[in-house]
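>>> sequence first, predicted model second:
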Amino acid sequence: MESNNVEVNQNYDVGTGCMVSIRDFVQIVQRISKSKSKLLFGEKQMRVNEYEVSNISAEISELNKLGWFPETSLEQGIESLINYLAHSKS
């Protein structure tokens, strides 16, 4: 990555750039963490307002312009984070 093209105090989203539903994200976390929690999707009616989201995606086009591209999948990233958190509690 060329540091001379990076703007000072610029925020950059970091992620895969692929859209994933909140439901899929939670199910991936549940599976990888081996959680036995019961997921209750649809138990409450979704609020209709400008802050309600059902899909998430990192906007990585600015990082792509700088030469950065994701090398870790969403599942690999979640697994690494879960493993890190598990070992950092000891």
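Received the coordinates, thanks. Residues are numbered from 1 along each chain as shown.
>>> could you pull out the buried residues of stretch 55-65?
58, 60, 63 (16 or more other Cβ atoms under 10 Å). C-beta: built from backbone N, CA, C; applies to glycine.
>>> any chance of those residues in a markdown table, plus secondary structure and pLDDT?
Formatted as a markdown table, the buried residues of stretch 55-65 follow (DSSP: H, G, I helix; E, B strand; the rest coil; pLDDT from 0 to 100):
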| residue | secondary structure | pLDDT |
| --- | --- | --- |
| 58 | coil | 91 |
| 60 | coil | 94 |
| 63 | helix | 92 |
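>>> ok, and what's touching the lowest-mean-pLDDT helix or strand in the chain?
Here the helix or strand of the chain ranked lowest by mean pLDDT, DSSP states H and E is strand 55-56, holding a mean of 84. Strand 55-56 is touched from outside by 19-22, 25, with contacts defined as Cβ atoms under 8 Å, 6 or more residues apart in numbering.
>>> so can I have CSV of these showing neighbour count?
Output for those, formatted as CSV (neighbours: other Cβ atoms under 10 Å):
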residue, neighbour count
19, 10
20, 15
21, 12
22, 13
25, 14
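>>> out of the buried residues of stretch 55-65, flag the one nearest to residue 74.
Lowest distance from residue 74 to the buried residues of stretch 55-65 (Cβ to Cβ) belongs to residue 58, with 9.8 Å.
>>> the residue nearest to the spatial centre of the chain and residue 27: what is the separation?
Residue closest to the average C-alpha location in the chain (Cα atoms, centre = their mean): residue 15, at 6.0 Å. Residue 15 sits 18 Å away from residue 27, going by Cβ to Cβ, to the nearest Å.
>>> export stretch 68-80 to CSV, keeping only CA atoms.
As requested, the backbone C-alpha atoms of stretch 68-80 are provided in CSV (Å, rounded to 0.1, in the frame of the first residue of the first chain):
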residue,chain,number,x,y,z
TRP,A,68,-5.5,-3.2,-0.5
PHE,A,69,-7.7,-6.2,-1.1
PRO,A,70,-9.1,-8.7,1.4
GLU,A,71,-7.2,-11.9,1.9
THR,A,72,-9.3,-13.4,4.6
SER,A,73,-12.9,-14.6,4.2
LEU,A,74,-15.6,-13.6,6.6
GLU,A,75,-15.7,-17.1,8.1
GLN,A,76,-11.9,-17.1,8.6
GLY,A,77,-12.0,-13.7,10.2
ILE,A,78,-14.7,-14.7,12.6
GLU,A,79,-12.9,-17.9,13.5
SER,A,80,-9.6,-16.0,14.1
